[in-house]
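Q: sequence and predicted structure below; questions after.
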Amino acid sequence: MTALTRRRALLGALALPVTAATARADSWPSHPLRVIVPFAAGAGVLDIMARLVSAPLGERLGQQIVVDNKPGAGGNVGAAAAAQAAPDGYTLLVANTAMVVSPFLYAHPGFDPLTDFAPISMLNAAPLMLLVHPSLPVHSVTEFIAYAKANPGKLYYGSGGIGSTPFLAVELLKAQAGFDAVHVPYKGGAPALADLMAGQVQFMIENVPGTLPFVKDGKLRALAITSTTRSALVPDLPTMQEAGVKNYEMIGWNGLFAPKATPAEILARIGSELRTVLAGPEIKQQMAKLGADPGGDSPEHFAAFVKAESDRWGKIIRDKGIKPE
């Protein structure tokens, strides 16, 4: 073999992986995709958003997207399944803060949120709401904090479990306002909300659309919104910062991920089609009813956001010594 022949052979060999990857991207998708939701069907905004986006995204991709609920271990079962799936563009994951904080709560969650996934885009962001049982003698955040400080360890709050967004929202409030309260974990936000209305726990922080009807019926009292701007669903309700808790901000978010080694061309196609879906008037209207703002940011921006969330909550969890119950 001459030197020229060897050189051509080498260049041809080097081009093979690129050609194969391009061929895969060109023929993708050839069959239905699945998006893993690491919680039970109907269990909160995460599942709602996955279903809301999957149908129109599937239409744009030319294949059905099947929602695959894989609950268990605080979301770890589903996230681990996604991390271990073939990186061929046919398995996606919808996840939120619970996935990001898992390494700080579990010794072996089965995945690393920062290295095992390729962030595609945020799907939505929405504030939460501080709620108290009407029997609690408080009508503002200032009164609530004063009451909590005067009764250390006597207030109980519910959440869908350690690591959930509502749980972290309360822990952040406790840390910044300087009071203590006892956490009561539930298997989901619905039973926690039921016990709040029954007076078994005294307060919680939860999503706005799922709790607002009970506020309007007088079964719960709302004190503040956790975002830095007011919610269109409850425009008269102040933000935590307006109510006196400096620098407090907590946003519930959901995002779309893929296994880390998914081909760049496929990730780019999914991201492009997803941003088109999220910019559509129908999705915007449906999200507005849920008090949410649509996402659609770039993979780079979303990856930086996820890293910032990991740094933020990792510090709080370590500083407070939070462990799974």
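A: Yep, it's here.
Q: quick check: chain neighbours aside, which residue is closest to Phe229?
A: To be clear, residue 229 is Thr; Phe isn't right here. Distances taken as C-beta to C-beta, 6 or more residues apart in numbering place Thr239 nearest to Thr229, at 6.7 Å, with adjacent residues excluded. Every residue, glycine included, has its C-beta placed from N, CA and C.
Q: which residues does the one you found bridge with?
A: Note on Thr239: beta-bridge partners by DSSP bridges are Ile225.
Q: please tell me the pLDDT value assigned to it.
A: Thr239 is assigned a pLDDT of 98 by the prediction.
Q: thinking it is in contact with Ala224, fair?
A: Yes. If you go by C-beta atoms under 8 Å, Thr239 and Ala224 touch, sitting 6.3 Å apart.
Q: higher neighbour count, these two?
A: Applying other C-beta atoms under 10 Å to Thr239 and Ala224 shows that Ala224 carries more neighbours, namely 27 against 19.
Q: follow-up on the earlier one: and the residue nearest to Thr229, how far from Val245?
A: Relative to Val245, Thr239 is positioned 9 Å away (C-beta to C-beta, to the nearest Å).
Q: need the overlap of contacts for the two.
A: Common neighbours of Thr239 and Val245, counting by C-beta atoms under 8 Å, 6 or more residues apart in numbering, are Ala224.
Q: tell me the average confidence for whichever strand or helix holds His301?
A: Assigning secondary structure by DSSP states H and E places His301 in helix 299-320. For helix 299-320, the mean per-residue pLDDT is 96.
Q: swap in stretch 78-98?
A: Mean predicted confidence for stretch 78-98 is 98.
Q: near Pro119, how many other residues are there?
A: Number of residues near Pro119 (other C-beta under 10 Å) recorded here: 25.
Q: how is this protein partitioned into domains?
A: Here the domain parsing of the chain from automatic domain parsing is 32-125+252-320, 127-225.
Q: with distance to Ser231 as added columns, please give these in JSON lines.
A: Below are the domains of the chain laid out as JSON lines (distance: least, C-beta to C-beta, whole Å):
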{"stretch": "domain 32-125+252-320", "distance to Ser231": "5"}
{"stretch": "domain 127-225", "distance to Ser231": "5"}
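Q: tell me which of the ones you listed approaches Leu233 most closely.
A: Leu233 sits nearest to domain 32-125+252-320 of all the domains of the chain, at 4.4 Å, using C-beta to C-beta.
Q: what segments of the stretch 1-150 of the chain are strands?
A: For the stretch 1-150 of the chain, applying DSSP state E, counting those that start in this stretch gives strands covering 33-37, 65-69, 91-95, 117-132.
Q: got the angle for the helix holding His301 vs strand 117-132?
A: Here helix 299-320 points in a direction 50 degrees away from that of strand 117-132 (axes from the mean of the first three to the mean of the last three C-alpha atoms, to 10 degrees).
Q: for the most centrally placed residue in the chain, give its distance to Ala181.
A: The centre of the chain sits closest to Asn96, judged by C-alpha atoms, centre = their mean, with a distance of 2.0 Å. Distance, Asn96 to Ala181, by C-beta to C-beta: 23 Å.
Q: ditto for Ser27
A: Distance, Ser27 to Ala181, by C-beta to C-beta: 55 Å.
Q: who has more neighbours, these two?
A: Per other C-beta under 10 Å, whichever of Ser27 and Ala181 has more neighbours is Ala181, with 20 against 8.
Q: if I pick that one, what's in contact with it?
A: Ala148, Gly153, Leu155, Tyr156, Tyr157, Val170, Lys174, Phe203.
Q: please repeat the previous calculation with a cut-off of 10 Å.
A: By C-beta atoms under 10 Å, 6 or more residues apart in numbering, Ala181 lies in contact with 148, 151-157, 170-171, 173-174, 201-203.
Q: check Gly89 too.
A: Listed by C-beta under 10 Å, 6+ apart, the contact partners of Gly89 are 24-25, 28-29, 33, 61, 258-259, 262-263, 265-267, 269-270.
Q: quick check: Phe179 is in a strand.
A: No. Read with DSSP: H, G, I helix; E, B strand; the rest coil, Phe179 is coil and lies in no strand.
Q: please report the distance of it from Val170.
A: Look at Phe179 and Val170: by C-beta to C-beta, they are 10 Å apart.
Q: Gly291 now?
A: 19 Å.
Q: before we move on, what about Pro299?
A: From Pro299 across to Val170, the span is 31 Å (C-beta to C-beta).
Q: and Ala40, by the same measure?
A: Distance from Ala40 to Val170, by C-beta to C-beta: 22 Å.
Q: also Lys315?
A: Look at Lys315 and Val170: by C-beta to C-beta, they are 17 Å apart.
Q: the more surrounded of those two?
A: Each of Lys315 and Val170 has its neighbours counted (other C-beta under 10 Å); Val170 has more, 21 against 11.
Q: what angle sits between the helix or strand harbouring Ala190 and strand 117-132?
A: Per DSSP H and E: Ala190 is located in helix 189-197. Following the same axes, to 10 degrees, one obtains 10 degrees for the angle between helix 189-197 and strand 117-132.
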